[in-house]
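Asks: okay, sequence plus prediction incoming.
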Amino acid sequence: MTILIVTDAWRPQTNGVVTTLEQVVAGVRERGTDVEVLEPGRFTTLGLPGYREIRVAINPFSVGRRIRALEPSAVHIATEGPLGLAARRYLARHDLPFTTSLHTKFPEYMRARVGLPLRWGYAFLRWFHQPAYSTLVTTERQREELAAWRLEHLRVWGRGVDTEAFFPRARVEGYDGPLLLYVGRVAVEKNLEAFLELDCAGRKVVVGDGPLRRSLERRYPDTEFVGYSYGEALADWYARADVFVFPSRTDTFGLVMLEAMACGTPVAAFPVTGPLGLVTEGLTGALDDDLAAAIERALECDRSACRSFAESQNWDAVVDRFLEDLETIVWPRADLPPLMATGSQR
């Protein structure tokens, strides 16, 4: 049995979508099931304008042929980009079953970048995900928000963190006052300026890169921009920080918050979708429309409580829910020929 995942987000991109899919693929394979990933690296790609590190397929015309050749037992479409669109078109046209997942607030991203009205973005999401047997979402709150925009067949998936890679380390002093850390893309949708413009005690450090980095470095010379970090170097930054600051208002989850907590670092954020599903006020961080106030309260949190919460969020449960979703919807048809040889009975 082979599961096919179609995604426009894959290595070498650095983001929560890629991390989630990598963990799911590894977990499914550990359970003895084959997984194939149809991703941009198998196609001719072009970097997005202003965001060259994100490369998208510009010749997705062979997606249907590739699906036919693989004869998967189940298909999951993870993104709404060119590959996801091509796979959706092929599977829907041939009445073949598939599931999808929704990882980002795409309409909010498009409004921030190009001014696209929200209702247009959500109309697109409704159209894209409507033929799917189910759509996996990150949290119950995201499910409620999407349902309010009339998306259907939504199932809560969740997220996890690798607590063996991210764990508390010896604190390294070297800054006057608290170290306030941000990790992620340096891009407009991350609302990073809401953090950088704060007049609060401590040293601000930004780990990550993106199209706004150069302009923000010029405008905020007192902030330390260190570029991307990975592995132990990234975990060291999390562990050194006194507070992890998450200024985004458009993320559906925010894996970086879990990674910070796994290293014992509390989170300060706005009370919006992603943080509301993760941060417990006074325990693992603080939420406030006044981000500086959230930082002050987060500084008082017990770091061991952050670690304890992170230990309860594991990838095994996420992989299990992914497989359960496919089992419920597709796998009971195991007595039928391979997926490509039959049509949907929906």
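Replies: Good, I have the coordinates. Numbers count the residues shown, from 1 in each chain.

Asks: average pLDDT for the helix or strand harbouring residue 86, rounded please.
Replies: Using DSSP states H and E, residue 86 maps to helix 82-93. Helix 82-93 comes out with an average pLDDT of 97.

Asks: repeat for stretch 326-333
Replies: Rounded mean pLDDT across stretch 326-333 is 61.

Asks: for stretch 132-145, same thing?
Replies: The average pLDDT within stretch 132-145 is 94.

Asks: measure that stretch end to end?
Replies: End-to-end distance of stretch 132-145 (C-alpha to C-alpha, to the nearest Å): 18 Å.

Asks: try stretch 276-292
Replies: Start-to-end, stretch 276-292 (C-alpha to C-alpha) is 17 Å.

Asks: again with stretch 90-108
Replies: 28 Å.

Asks: now it: buried residues?
Replies: Neighbour counts using 16 or more other C-beta atoms under 10 Å place 90-91, 96-108 of stretch 90-108 among the buried residues. Yep, even glycine has a C-beta here, placed from its N, CA and C like the rest.

Asks: who touches the helix holding residue 86?
Replies: Residues from elsewhere that reach helix 82-93 (C-beta atoms under 8 Å, 6 or more residues apart in numbering): 6-8, 38-40, 43, 56-58, 60-61, 63-64, 67, 75, 77-78, 96-98, 100, 128, 131.

Asks: circling back: just the buried residues of stretch 90-108: which are in helices?
Replies: Assigned to helices by DSSP state H, the following of the buried residues of stretch 90-108 qualify: 90, 91, 106, 107, 108.

Asks: now, the most widely separated pair of those residues?
Replies: Within these, 90 and 108 form the most distant pair, 28.7 Å apart (C-beta to C-beta).

Asks: please indicate which of the contacts of helix 82-93 are buried?
Replies: 6-8, 38-40, 43, 56-57, 60, 63-64, 67, 75, 77-78, 96-98, 100, 128, 131.

Asks: just those: which are in strands?
Replies: 6, 38, 56, 57, 75, 77, 100 (DSSP state E).

Asks: can you redo the residues you listed as JSON lines with distance to residue 258 and pLDDT?
Replies: Formatted as JSON lines, those follow (distance: C-beta to C-beta, whole Å; pLDDT from 0 to 100):
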{"residue": "6", "distance to residue 258": "26", "pLDDT": "98"}
{"residue": "38", "distance to residue 258": "28", "pLDDT": "98"}
{"residue": "56", "distance to residue 258": "27", "pLDDT": "94"}
{"residue": "57", "distance to residue 258": "30", "pLDDT": "96"}
{"residue": "75", "distance to residue 258": "28", "pLDDT": "94"}
{"residue": "77", "distance to residue 258": "25", "pLDDT": "98"}
{"residue": "100", "distance to residue 258": "23", "pLDDT": "97"}
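
Asks: and those residues as JSON lines, adding distance to residue 216?
Replies: Formatted as JSON lines, those follow (distance: C-beta to C-beta, whole Å):
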{"residue": "6", "distance to residue 216": "34"}
{"residue": "38", "distance to residue 216": "35"}
{"residue": "56", "distance to residue 216": "25"}
{"residue": "57", "distance to residue 216": "30"}
{"residue": "75", "distance to residue 216": "40"}
{"residue": "77", "distance to residue 216": "34"}
{"residue": "100", "distance to residue 216": "34"}
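
Asks: can you say which two of those are spatially most distant?
Replies: Greatest spatial distance in these: 56 and 75, 19.8 Å, computed using C-beta to C-beta.

Asks: which of the ones in strands among the buried ones among the contacts of helix 82-93 sits closest to residue 240?
Replies: Nearest member of these to residue 240, counting by C-beta to C-beta, is residue 56, at 35.3 Å.

Asks: which residues does that closest one form a beta bridge with?
Replies: As for beta bridges, residue 56 partners with residue 46 under DSSP bridges.

Asks: relative to residue 79, how far out is it?
Replies: Residue 56 sits 10 Å away from residue 79, going by C-beta to C-beta, to the nearest Å.

Asks: joint contacts of the two?
Replies: Residues touching both residue 56 and residue 79 (C-beta under 8 Å, 6+ apart): residue 8.

Asks: so where's the stretch 51-200 of the chain shaky on pLDDT?
Replies: 172-175 (pLDDT under 70).
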